[in-house]
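>>> With the input below, show me the fold.
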Amino acid sequence: MNKLLMVIAAVLLTAACSSSDGKLGAGPDLKITNCLRGFEYDYEKLLTIDDVKKHLQVDETSLKKDVSPTNGSYGSCKYKWSSDRPELEMELLGQTIRYPDDNIVEIKWLSFYAQNDLETYNQQSVNDLFDIGYKKLTEAELARMKENVEKQFANDEKALENALNLLEIRKNSAYQPVENLGDRAYWKWNDRYGVEVVVLTGLASFTIAGKTSNNPQEGLNTAIRLAEEVLAKCKN
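From the prediction side, this is the model:
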């Protein structure tokens, strides 16, 4: 789960939803989970440059690889190369700065749900817990969360303000569901940064992100194919 969304879930959902016995059960595919654990957060092996080349034309002369020095769930591997798209612009200290709109593919945020997560976040299943972080919430769910937050922080004005701000962030979350990818998947698009696809498989989740097109649907289709490359490594 996106780390910010996990924090939001922790604040907003504790004791807010239906009760749980805290057991992950036999539902999640532990074979896939254990396979992904076996990569020991080696993001470069989870999604290789050869995997990327199966689906995209990569300019070898400008190709750069950036493997995060951070090990674990906060790690990543990013591939970047030149594109034929126009430069992007941004304002900084009153100046207009132009920079290349490079092609980028990134795998990051591999993480695993633990036995006590369902009890901590009061959910019935891993799928439910994952959904809470990304699905579009109903007005009733938002109202229930707000009521829970107001009760939980009734005697702490600052904490209440922070929690309500987090609720507003979650309310405006732009993720949409992706069908037939892992056990659950959600995606969002940003014109500047491109696509982000978050995948749940078994007890594991990971994110494919980056930009290889200005077209959101093309970006999504590519990200799905790259996520499938990761999943395929654990289906044999």
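>>> drop to CA atoms for contacts and neighbour counts, all remaining ones
Fine.
>>> what about the closest residue to Ser82 other than its chain neighbours, distance to Thr120?
Once flanking residues are discounted, Ser82 sits nearest to Asp102: 4.9 Å by CA to CA, 6 or more residues apart in numbering. Between Asp102 and Thr120 the distance is 41 Å, computed by CA to CA, to the nearest Å.
>>> likewise Lys171?
Lys171 is 21 Å from Thr120, by CA to CA.
>>> coming back round to it: so for Asp102 and Thr120, which sits in the more crowded spot?
The neighbour count for Asp102 versus Thr120, taken as other CA atoms under 10 Å, is higher for Asp102 (21 against 15).
>>> thinking that one is in contact with Ser83, fair?
Yes - between Asp102 and Ser83 there is a contact at 5.2 Å, judged by CA atoms under 8 Å.
>>> any residues in contact with both of these two?
Shared contacts of Asp102 and Ser83 (CA atoms under 8 Å, 6 or more residues apart in numbering): Thr212.
>>> From the centroid of the protein, which residue is nearest?
Centroid check for the chain by CA atoms, centre = their mean gives Val198 as the closest residue, at 3.8 Å.
>>> wait, is that residue part of a helix?
No - using DSSP: H, G, I helix; E, B strand; the rest coil, the assignment for Val198 is strand, not a helix.
>>> ok, it - contacts?
So, once contact is read as CA under 8 Å, 6+ apart, Val198 ends up touching Met1, Ala185, Tyr186, Trp187, Ser205, Phe206, Thr207, Ile208.
>>> Could you rerun that using 7 Å?
Ala185, Tyr186, Trp187, Ser205, Phe206, Thr207, Ile208 (CA atoms under 7 Å, 6 or more residues apart in numbering).
>>> Leu226 too?
Counting by CA under 7 Å, 6+ apart, Leu226 has contacts Val52.
>>> What strand or helix carries it?
Element membership for Leu226 (DSSP states H and E) is helix 216-232.
>>> Just the mean pLDDT for that helix, thanks.
Here helix 216-232 scores 98 as its mean pLDDT.
>>> Equivalent analysis for stretch 148-166, please.
Rounded mean pLDDT across stretch 148-166 is 84.
>>> Which positions within that stretch qualify as buried?
Asn148, Val149, Glu150, Gln152, Ala159, Leu160, Ala163, Leu164, Leu166 (16 or more other CA atoms under 10 Å).
>>> Same question for stretch 58-69.
Val58, Val67.
>>> Also stretch 211-225?
Result for stretch 211-225 [16+ other CA under 10 Å]: buried residues Lys211, Thr212, Ser213, Asn214, Pro216, Gly219, Leu220, Thr222, Ala223, Ile224, Arg225.
>>> ok, the fifth one to Gly194 distance?
According to CA to CA, Pro216 and Gly194 sit 7 Å apart.
>>> helices or strands up against the helix or strand Lys158 falls within?
Per DSSP H and E, Lys158 falls inside helix 157-171. Here helix 157-171 touches helix 139-152, going by 3 or more CA pairs under 7 Å, 6 or more residues apart in numbering; DSSP states H and E.
>>> need the next SSE after the helix or strand bottoming out on mean pLDDT in the chain, C-terminal direction.
Ranked by mean pLDDT, DSSP states H and E, the weakest helix or strand in the chain is helix 3-13, scoring a mean of 51. Once helix 3-13 ends, the next helix or strand along the chain (criterion: DSSP H and E) is helix 30-38.
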